[in-house]
Each structure stands twice: as C-alpha cells, then as structure tokens.
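Visitor: Predicted model follows, preceded by the sequence.
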Amino acid sequence: FTTEAGLYTASDQVVVLTPDNVDSVLVNSTAALVVEFYASWCGHCIAFSPVWKSLASDIKEWKPAVDLAAIDCANQDNGPVCSRFGVRGYPTLKVLQLLHSTRFPRNVRGLRHKIIDKMETHAEPWPPACPPLETTSRAELKTNSVGHLALLFETSNSYVGRELTLDLLQYENIAVRRVLSTEDGLVAELNVTHFPSCYLYYPSGIFTRLHVRTFYTYALQRLPGVVRAGKPLPVTSDLAKNTTEDQLRPFNRSRVYMSDLESTLHYSLRVELAAHPVIKGEALSTLQRYISVLAKYFPGRPVVNNLLKSVDMWLKGEKDTELSYSSLRDALDNTAEVPNAALPEGVRWVGCQGSKPHFRRYPCGMWTLFHVLTVQAEEAADPQEVLQAMRSYIHSFFGCRACATHFENMAQESMSHVGTLSSAVLWLWSHHNHVNNRLAGALSEDPHFPKIQWPSPELCPSCHGVKNGEHTWNQAELLTFLRSHFSSEHLLSDYLE
Ligand code: FAD
C-alpha cells in the first residue's frame with residue numbers, strides 16, 4: 001500500500017499531520033484546526049487539493065485563529081489517526097471539535113464563509129486566539145483605544161467585515177469593527193450610503209468604496225504605524241540620517257535599478273560561484289546555460305554586455321569536462337585582450353537595499369534579474385529557456401539551500417506547462433508571489449519592505465479586478481505592466497560607477 005508523499009508539501013501553508021505530530025499539533029494549537037482527511041489516490045481529493053492550497057494562501061493572515069491541516073489516509077502509517085477521528089470518506093473536512101462533513105463548498109470563498117460560520121455558531125470551544133467577530137455599536141466605539149479604527153459597514157449577510165478582521169489579526173495599531181447597515185447613528189454620522197464600505201473612524205479618512213476584502217487589506221496594512229505584531233516599527237527618520245551604515249540611498253520604490261542587476265551579477269559570478277572550486281557535470285552545463293542566457297538577454301551597458309559575451313564564447317569553446325573556478329575568474333577579470341569589456345567589482349544595492357545589512361540585497365537582486373530576463377527574452381525560440389536557466393542555477397548554486405529546495409518543488413510541479421514567452425513571464429510573477437505569501441511575517445522580512453502580493457493596487461491599478469465579489473488578477477494587464485516595469489527602457493542607471 002502507498003507510503004508515498006501525499007498531495008501537500010512543506011512549501012504549502014498546510015500543516016501535514018502524521019501520527020508523530022498529531023497530538024502535539026492538537027495540544028499546542030490555540031487556533032481552530034481545519035483538517036482535510038484525504039486519500040492521495042482519490043480523484044476528488046486530487047481535484048480539491050489546489051483549492052485547499054489556495055485557501056491556505058488566501059487565509060494565511062488568519063493563522064492565529066484558523067490553521068489548515070491535511071492528512072493522507074491512504075498512507076498506512078496514518079490509518080490509526082484517520083480512524084481515531086472517525087473518517088471513512090474522502091475528502092472529509094473537520095474543524096476539530098466543530099465540524100465533521102463530507103459536504104462542503106469546493107471553492108475558496110465558500111470555504112472561508114463555512115469556516116467563519118462554524119466558528120461563530122459554536123461559542124464553545126471558541127479558538128482562544130480568535131477575536132470576537134460580532135458587530136459593534138456607536139456606544140462601544142467610544143472605549144476604543146487602538147491606533148487606527150476601521151469601520152466596515154455591511155449588511156448582516158455579508159462576510160467582508162469578519163474576513164477583514166481576520167486578515168488584520170496579526171497587525172498592531174489597527175482594529176476592524178463591523179457595523180451593520182441598521183446602526184442608524186453611525187451610518188448617519190459618516191454618511192454611509194453603500195454597503196459594504198470601509199471608513200477610518202479615527203483619524204478620520206475615507207477609503208474609496210470597494211466591495212472586496214483584498215483591497216481593504218492592502219490599504220489598511222499600509223497605514224502609518226500599522227505593523228505585524230512582533231516586528232519593530234519602521235522608523236522613517238532613521239532612513240534620512242546620513243550617519244549609520246544602515247542608511248538607505250534615496251530611490252524610487254516603483255522602479256528597477258541597473259545597479260542592483262550589476263551587483264547581482266558581481267555577487268553571483270565572483271562570490272557565490274567561488275564556493276565551487278571545480279565545476280563539472282550538471283553544474284558545468286548549468287553555468288553554461290546561465291551565462292548563455294545572460295549573454296543573450298541581459299540589457300546591460302555595452303561594457304558589461306561585451307564581458308558577458310566574451311565569457312560565453314570562452315565557455316562554449318572550452319572542451320574540458322571540468323572547469324576550475326579560477327579559470328572562470330580569469331575570464332571575468334583578465335579582459336585585457338577584449339576591448340571595452342568589464343563587470344564592475346563590488347555591490348551597490350539601490351532598489352534592493354535593506355534597512356539592515358541582513359535584509360534583501362542579493363536574493364532581491366536574483367528575483368529582479370530573472371524577471372528582467374524573462375521579459376527581455378521576447379524573441380527566444382524556447383519559451384522555457386530563461387526559466388530553466390534560473391531553475392538550474394538556483395538548484396546548483398544558490399547559496400540558500402532551503403530556498404533552492406522550495407523553488408525546485410514549485411518548478412517540478414508546473415514549470416513544464418509553460419508553453420509561451422508570455423506565460424514564462426507570468427509563471428515567474430505568480431510563483432514569486434507564492435514565495436512572498438509564504439514568507440510574509442517571517443523573520444527575514446524587512447519591516448520597511450513588507451511582503452505583499454505584488455504589484456499593489458497603487459503600483460498597477462488595472463492589474464487588479466473583481467469577479468463574483470472576489471479579487472482577481474487581470475492577466476492581460478499584468479503582462480503589459482510586467483513588460484513595461486522590467487523593460488530595458490525603464491531601468492534606472494542612478495548610482496552606476
Ligand atoms: P523580493 O521577494 O526579493 O522581491 C524583490 C523585488 O521584486 C520586490 O522589491 C518587488 O519590487 C519585486 N517583486 C515582488 N514580488 C514580485 C512578483 N511576484 N513578481 C515580480 N516582481 C516582484 N527566502 C526564504 O526565507 N525562504 C525561501 O524559501 C526563499 N526562497 C527563495 C527562492 C528564490 C528563487 C529566491 C531568488 C529567493 C528566495 N528567498 C527565500 C528570498 C526571498 O524570496 C526574498 O528574496 C528576500 O526575503 C528579500 O525580499 P525582498 O523584500 O527584497 O523582496
């Protein structure tokens with residue numbers, strides 16, 4: 001019988017239950033644990049697994065109150081856990097202690113509503129980390145002392161207020177309260193005419209009326225002073241000071257800088273690769289592929305392009321089956337016989353600066369480099385050329401090995417489906433967002449540069465849309481935006497030597 005890996009991996013935001021961890025997960029959880037019991041061979045479970053993964057990304061911010069888990073009952077080792085919870089059909093959802101059902105919505109929105117319903121209709125046991133989701137009144141508001149107070153006016157059957165409350169659960173200095181459309185005093189005071197709609201009660205300010213929680217979430221998370229709990233408040237005055245090594249160079253957050261791309265090349269070619277004194281076999285073909293893609297598509301200054309082309313020619317002419325790093329380094333640095341070719345030494349991060357030395361920088365540069373390359377490769381014969389070069393570089397050389405494993409898992413799942421140059425650009429965008437979602441709130445997140453689902457509605461309003469009351473990405477608009485944002489004409493050359 002199967003003991004293979006199930007439908008979920010460590011890179012999904014789903015707790016994978018096993019006989020070894022089930023008790024500690026149950027005992028230690030202060031959240032409502034929503035478990036999918038499935039069998040990995042069952043077609044309905046396979047069809048449902050993308051929905052479960054999407055829901056996990058979608059309600060990631062609810063984690064203190066709601067946690068998603070899954071267990072593969074087809075794995076013989078897990079059998080006793082599945083029978084302990086009385087599961088016989090698959091998939092079965094169980095909000096532990098609250099719900100046991102094989103009949104549930106098969107879409108993200110319906111599942112969100114179902115989870116909220118279940119939590120609300122069962123006052124006991126209310127997950128300790130879950131805030132009250134009931135509506136508020138004018139009298140209660142007077143006692144509120146939080147930094148920002150967002151009032152979400154809605155009709156009684158709307159879920160937006162409760163969803164937004166849970167979305168902001170991990171943030172400090174902000175509270176969301178639901179106000180029913182029948183709460184005449186407040187409705188009149190703020191002159192509310194549309195439901196749902198969101199208002200900042202104090203300090204007063206009005207958001208554009210938007211029906212979809214995602215837009216409110218973007219807007220509220222960006223208010224001054226609103227930070228994820230446990231993260232230091234970004235101190236803007238520090239950034240202007242000229243004295244500390246943490247000082248940031250002035251830059252435009254909505255642009256891409258050539259200086260970051262050249263810094264990335266320097267770090268990758270002179271630091272990261274230097275950890276491999278001998279390069280052979282798969283690593284050698286990876287290096288050749290990487291340099292070839294750079295030589296073809298890097299939209300650099302002529303001097304850098306000449307260097308990349310000369311290294312590419314040298315590598316293609318090498319007949320040995322192994323290469324010493326020192327010979328690569330010679331090709332990079334000893335360019336006396338190649339006119340006007342060089343890669344500047346050292347790093348100068350601009351758009352990829354971090355507020356502390358351990359934040360951002362090289363990995364930010366790596367993402368940016370490959371977004372630029374997927375966009376530049378508009379004439380490529382093979383739509384996967386750049387993606388596969390990135391995949392193999394990350395796999396063979398990227399210093400963060402856990403990142404490499406996660407990226408390889410994503411690549412294995414879907415990179416082979418990329419059939420056009422446009423879908424290569426979108427594949428990298430969507431999988432980068434997947435990583436952003438997973439890392440939001442992690443220790444490695446720079447509080448000055450919170451991980452968001454990018455681009456924000458401010459950066460690209462037309463990339464965002466609404467369908468059936470849910471946020472959607474407009475892929476055609478996104479493509480236009482990405483092609484312009486990462487285009488060579490749009491690159492800024494400030495701070496280059
Ligand atoms: P980054 O995520 O590095 O993004 C850089 C810039 O790209 C952003 O400032 C923004 O302008 C733009 N951008 C953001 N999202 C998108 C998007 N969807 N499409 C296009 N442009 C976008 N760190 C871990 O802790 N664990 C991991 O598993 C991990 N895996 C990684 C895998 C790869 C392949 C890479 C290159 C890095 C990985 N990292 C991982 C590092 C992490 O993703 C970030 O690069 C790092 O935390 C720095 O974050 P940042 O704020 O500079 O933004």
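Guide: That came in fine, so what should we check first?
Visitor: what's the pLDDT at the closest residue to residue 276 other than its chain neighbours?
Guide: Counting by Cβ to Cβ, 6 or more residues apart in numbering, residue 276 lies nearest to residue 325, which is 5.9 Å off, once chain neighbours are set aside. Yep, even glycine has a C-beta here, placed from its N, CA and C like the rest. Here the pLDDT value assigned to residue 325 is 95.
Visitor: List the single closest residue to residue 159 in space, sequence neighbours excluded.
Guide: Excluding the flanking residues, the one nearest residue 159 by Cβ to Cβ, 6+ apart is residue 113, at 5.2 Å.
Visitor: what's the burial count for residue 480?
Guide: For residue 480, the count of nearby residues is 14 (other Cβ atoms under 10 Å).
Visitor: tell me how far the ends of stretch 327-340 are from each other?
Guide: One end of stretch 327-340 sits 20 Å from the other (Cα to Cα, to the nearest Å).
Visitor: what does this protein put close to the ligand?
Guide: The chain comes close to the ligand at residues 352, 360, 363-364, 366-368, 371, 394, 400, 402-403, 406-407, 429, 432-433, 435-436, 439, 442, 444, 446, 449, 454, as judged by Cβ under 6 Å from any ligand atom.
Visitor: Take those and keep only those in helices.
Guide: Taking DSSP state H, the ones among these that sit in helices are 363-364, 366-368, 371, 394, 402-403, 406-407, 429, 432-433, 435-436, 439.
Visitor: Show me how to select, in PyMOL, the buried members of those residues.
Guide: The PyMOL selection below is limited to those of these classed as buried (16 or more other Cβ atoms under 10 Å):
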select buried, resi 363+364+366+367+368+371+394+406+407+429+432+433+435+436
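Visitor: Any idea how far stretch 301-315 is from the middle of the chain?
Guide: Chain-centre distance of stretch 301-315: 33 Å, with Cα atoms, centre = their mean, to the nearest Å.
Visitor: I'd like the mean pLDDT over it, please.
Guide: 96.
Visitor: mind listing what's buried in that stretch?
Guide: Buried, per 16+ other Cβ under 10 Å, within stretch 301-315: 304, 305, 306, 307, 308, 309, 310, 311, 312, 314, 315.
Visitor: In helices, which of those residues fall?
Guide: Reading helices off the buried residues of stretch 301-315 with DSSP H, I get 304, 305, 306, 307, 308, 309, 310, 311, 312, 314, 315.
Visitor: Surely the fifth one touches residue 292?
Guide: Read it as residue 308. No. Using Cβ atoms under 8 Å, residue 308 is not in contact with residue 292; the gap is 9.4 Å.
Visitor: my read: residue 301 touches residue 496, true?
Guide: Yes. Counting by Cβ under 8 Å, residue 301 touches residue 496, with 7.4 Å between them.
Visitor: tell me, what's touching these two both at once?
Guide: residue 258 (Cβ atoms under 8 Å, 6 or more residues apart in numbering).
Visitor: ok, back up a step: export the ones in helices among the buried residues of stretch 301-315 as a markdown table, with columns for distance to residue 58.
Guide: Formatted as a markdown table, these follow (distance: Cβ to Cβ, whole Å):
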| residue | distance to residue 58 |
| --- | --- |
| 304 | 41 |
| 305 | 42 |
| 306 | 47 |
| 307 | 45 |
| 308 | 41 |
| 309 | 45 |
| 310 | 48 |
| 311 | 44 |
| 312 | 43 |
| 314 | 49 |
| 315 | 44 |
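Visitor: closest to the ligand among the residues you listed?
Guide: The ligand has its nearest neighbour among these in residue 308, at 19.8 Å by Cβ to the nearest ligand atom.
Visitor: how near is residue 164 to the ligand?
Guide: To the ligand, residue 164 is 23 Å away according to Cβ to the nearest ligand atom, to the nearest Å.
Visitor: now do residue 483
Guide: To the ligand, residue 483 is 12 Å away according to Cβ to the nearest ligand atom.
Visitor: So what does that residue have for phi and psi?
Guide: When read as degrees, to the nearest 10, the backbone of residue 483 gives phi -60, psi -30.
Visitor: what's near enough to touch it?
Guide: Shown in contact with residue 483 (Cβ under 8 Å, 6+ apart): 375, 425.
Visitor: and the nearest residue to residue 488 once chain neighbours are set aside, how many residues sit next to it?
Guide: Nearest residue to residue 488, sequence neighbours excluded (Cβ to Cβ, 6+ apart): residue 299, at 3.5 Å. Neighbours of residue 299 under the rule other Cβ under 10 Å: 18.
Visitor: packing partners for the helix or strand residue 199 falls within?
Guide: Secondary structure from DSSP states H and E places residue 199 in strand 197-202. Counting contacts by 3 or more Cβ pairs under 8 Å, 6 or more residues apart in numbering; DSSP states H and E, strand 197-202 packs against strand 148-154, strand 205-206, helix 213-221.
Visitor: how much space between residue 419 and the ligand?
Guide: Distance from residue 419 to the ligand, by Cβ to the nearest ligand atom: 20 Å.
Visitor: residues touching that residue, list them.
Guide: Residue 419 makes contact with residue 383 under the criterion Cβ under 8 Å, 6+ apart.
Visitor: Would you list the phi and psi of it?
Guide: The phi/psi pair for residue 419 (degrees, to the nearest 10) is phi -120, psi -10.
Visitor: So it versus residue 63, what's the distance?
Guide: Going from residue 419 to residue 63 by Cβ to Cβ, to the nearest Å gives 36 Å.
Visitor: helices and strands around the strand or helix carrying residue 50, which ones?
Guide: Following DSSP H and E, one finds residue 50 within helix 43-58. Applying 3+ Cβ pairs under 8 Å, 6+ apart, one finds that helix 43-58 makes contact with strand 32-38, strand 66-72, helix 108-121.
Visitor: mind redoing it with 7 Å?
Guide: Contacts defined by 3 or more Cβ pairs under 7 Å, 6 or more residues apart in numbering; DSSP states H and E place helix 43-58 against strand 66-72, helix 108-121.
Visitor: For the shortest one, which strands pair with it and how are they oriented?
Guide: With DSSP bridges as the test, strand 66-72 is paired with strand 15-16 (parallel), strand 32-38 (parallel).
Visitor: List the buried residues for that strand?
Guide: 66, 67, 68, 69, 70, 71, 72.
Visitor: so which of those comes closest to residue 216?
Guide: For those, the closest approach to residue 216 (Cβ to Cβ) belongs to residue 66, at 18.7 Å.
Visitor: Look at residue 467 and say how many residues are nearby.
Guide: 9.
Visitor: From residue 260, how far out is it?
Guide: Noted for residue 467: a distance of 35 Å to residue 260, by Cβ to Cβ.
Visitor: Residue 213 now?
Guide: Per Cβ to Cβ, residue 213 is found 33 Å from residue 260.
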